[in-house]
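Participant: Have a look at this prediction, sequence included:
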Amino acid sequence: MGMAIERSAQPSAQSNGDFYESRPFTELYDEYFDRVNRYLRCRVQNPWDADDLTTVVFLKALEKFEQYSRTSPFASWIFRIAHNTFVDFVRKNRELPVDQEDLLGAEQDDTWQPERQALTKEEIRLLRDRLDLLSQDQKDVLMLRYFADLKIAQVAEVLGKTESSIKMISYRGLQKLQKMYEKGESE
Amino acid sequence: MKEEDRIPRDRTDEQTVTSLLSHLQEMRQAVPVNYQLKTELKKQLLQRMKELELQKTDSVVVKMPHSRKKLLRVCAAVMIAAITVGVYSWWEKDVLAVDKQGLLTLPAHTTEEQVDIDPTGKEVAYLVSPSVIRTVSVDEKKHPENISLPATDGEYRALSWANHNEQVAVVEQSGKQARIWIVDIPDQNNVSSSRLLKEEENVTYHSPAWSPGDETIAYTRIKDGVEEIWVSSTVSFQEWKLAEGSQPEWSPDGRFLAYTKAGKVQVMEVRTGNISVLGDGKWPSWSQNAALTYTSPEGGLVEAQVDEKPFASKELELLNLFGEQVVRGSWSSEGNQLLVVHRDEQPKSLVISLASR
């Protein structure tokens, strides 16, 4: 089954088959900023809040970088920070579901990447609304899996669950989403 | 249960899911990234990295002193323990701790009899030229107060605080005239006033001392070089000679009068007139009914128990006042504070400190 989305190669050193992340923080930052920023922009309503959270995530990561073991993927580590930062933010702000209008920017913003896709706002809004109907676990898993672009094992590590549990949650979430689409298409 | 069983899928499902995933991926790609933030945050992170690097370097630099500090702390702890043991053993030998060292530093021309402590040990009064008494609070809770004395052509030489009344006795020497004044200390309800107790020509008065009930004042009267102790009533005009000598001091119960004569401290039992000589010294002062402190010729403090025969005497240690020669030690009436007077050479001055047990 082709559930996995093609990911960029992880340029980490491997020795004796064991994972080892040898790159310095700045290189990892360059690689992971986009994914973290994008993930948070998907999760919080206001893009400025998402940018603030991104800043917080990387500052925290830098302060704690010595605690990063390097024997597990950096993605799991940085997204654990990002997810916890997001959860804290939601707790403090009682965050409302993200509005795609805000997500994509109601006004033209020069800071946005020209990689903006040609998806219509309506399509995104639809998907967004449907994602919001999922359970918190399903939402977390799908967001980390498909918006943060993490592997099952990494999502499991971030959320502190087993891989099989993540697979189950992911599957059920996708199934629910699929039904929504089917139902939506028939309507 | 196998995963395939728990996550059943068929071809239709797979196609739908594939298109869904493709949709999700497209959506992910549609979410913009703030590249301006990326650049700015990188600068911020690089700056922070430098700071952390510096902190690391500093912590390495201070590591050695830290270990030294630890060693010093251990040494200090050992020293404190040793000092505590020492202090404890000294305490057993009778030690006074000077807890207000250098409470007052007065001009060198000030004499030890121009300063006195109040009965409770909370205030000190001293004479300020030309005719002012200044009172200072020991705990510095009250501002110093000035009490004006009757104007004089001469000088005020001695001062003594009453035991119960808010009064001080002061001795004035103006030319050939010697006077003893009783001065009311002003408070919220009363203003200061002075009353002449005694006036005499061709004599000098010194060292007034209130009796325990404040009904009489003993003082040194010097005429033609002869030192005598006289007593004047504060309620009538009676007066009488009590002994030959100087620096009289009543015991708290009024049973004894201590004084000095020919460089020796003596104690007279007032009822019987029996006189006992304690030893070389000056400025006797009672801490308790039968416990008398005086200054030895060497500048130390000696305490004697006068109700024991032979008299038991021992030197009092004054902590924090090492090497200083005490000129006078004067107990407050309640015996809780000792006013300690010594002279400093650099600069020349009279230094007032307070000690307690």
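Facilitator: Cool, got the structure.
Participant: Need the residues that contact the lengthiest strand in chain B.
Facilitator: Ranked by residue count and defined by DSSP state E, the top strand of chain B is strand B:95-107. Residues outside strand B:95-107 that contact it (Cβ atoms under 8 Å, 6 or more residues apart in numbering or on different chains): B:87, B:114-115, B:124, B:126, B:136, B:138, B:301, B:316-321, B:338, B:340, B:344, B:349-357. The way it works is simple: take the backbone N, C-alpha and C, and place the C-beta from them, glycine included.
Participant: B:F311 and B:L278 touch, don't they?
Facilitator: Yes - with contacts counted by Cβ atoms under 8 Å, B:F311 reaches B:L278, the gap being 5.8 Å.
Participant: more crowded one of these two?
Facilitator: Each of B:F311 and B:L278 has its neighbours counted (other Cβ atoms under 10 Å in any protein chain shown); B:L278 has more, 19 against 16.
Participant: Name the residue closest to the centre of chain A, please.
Facilitator: Chain A has A:A148 as the residue nearest its centroid, 2.7 Å off, counting by Cα atoms, centre = their mean.
Participant: Which helix or which strand is home to the residue nearest to it when sequence neighbours are not counted?
Facilitator: Nearest residue to A:A148, sequence neighbours excluded (Cβ to Cβ, 6 or more residues apart in numbering or on different chains): A:Y39, at 4.1 Å. Under the criterion of DSSP states H and E, A:Y39 resides in helix A:25-43.
Participant: chain center to the helix or strand that contains A:D140, what's the gap?
Facilitator: Element membership of A:D140 [criterion: DSSP H and E] is helix A:136-142. The chain centroid and the centroid of helix A:136-142 are separated by 10 Å under Cα atoms, centre = their mean, to the nearest Å.
Participant: Can you spell out which helices and strands pack onto that helix?
Facilitator: helix A:121-132, helix A:152-159, helix A:163-186 (3 or more Cβ pairs under 8 Å, 6 or more residues apart in numbering or on different chains; DSSP states H and E).
Participant: Nearest to chain B among these would be which one?
Facilitator: helix A:163-186 (4.7 Å; Cβ to the nearest Cβ).
Participant: Next, the buried residues of the closest one.
Facilitator: If you call a residue buried by 16 or more other Cβ atoms under 10 Å in any protein chain shown, then helix A:163-186 has these buried ones: A:166-178, A:180-181.
Participant: between those residues, which is closest to B:T110?
Facilitator: Comparing those against B:T110 with Cβ to Cβ places A:I166 closest, at 89.7 Å.
Participant: what helix or strand is whichever residue of the stretch 51-200 of chain B sits closest to chain A on?
Facilitator: Going by Cβ to the nearest Cβ, chain A is nearest to B:L52 of the stretch 51-200 of chain B, at 7.5 Å. Secondary structure from DSSP H and E places B:L52 in helix B:35-61.
Participant: tell me the angle of that helix relative to helix A:25-43?
Facilitator: 130 degrees (axes from the mean of the first three to the mean of the last three Cα atoms, to 10 degrees).
Participant: In helix B:35-61, which residues are buried?
Facilitator: B:35, B:37-38, B:41, B:45.
Participant: And stretch B:339-350, by the same measure?
Facilitator: Buried, per 16+ other Cβ under 10 Å, within stretch B:339-350: B:339-343, B:349-350.
Participant: any weak-confidence spans in the chain?
Facilitator: Let's take chain A. Along chain A, the parts satisfying pLDDT under 70 run over A:1-18, A:94-125, A:184-187.
Participant: my question was about chain B
Facilitator: B:1-17, B:58-69, B:82-93, B:322.
Participant: Tell me where it has helices.
Facilitator: B:3-6, B:11-30, B:35-61, B:63-92 (DSSP state H).
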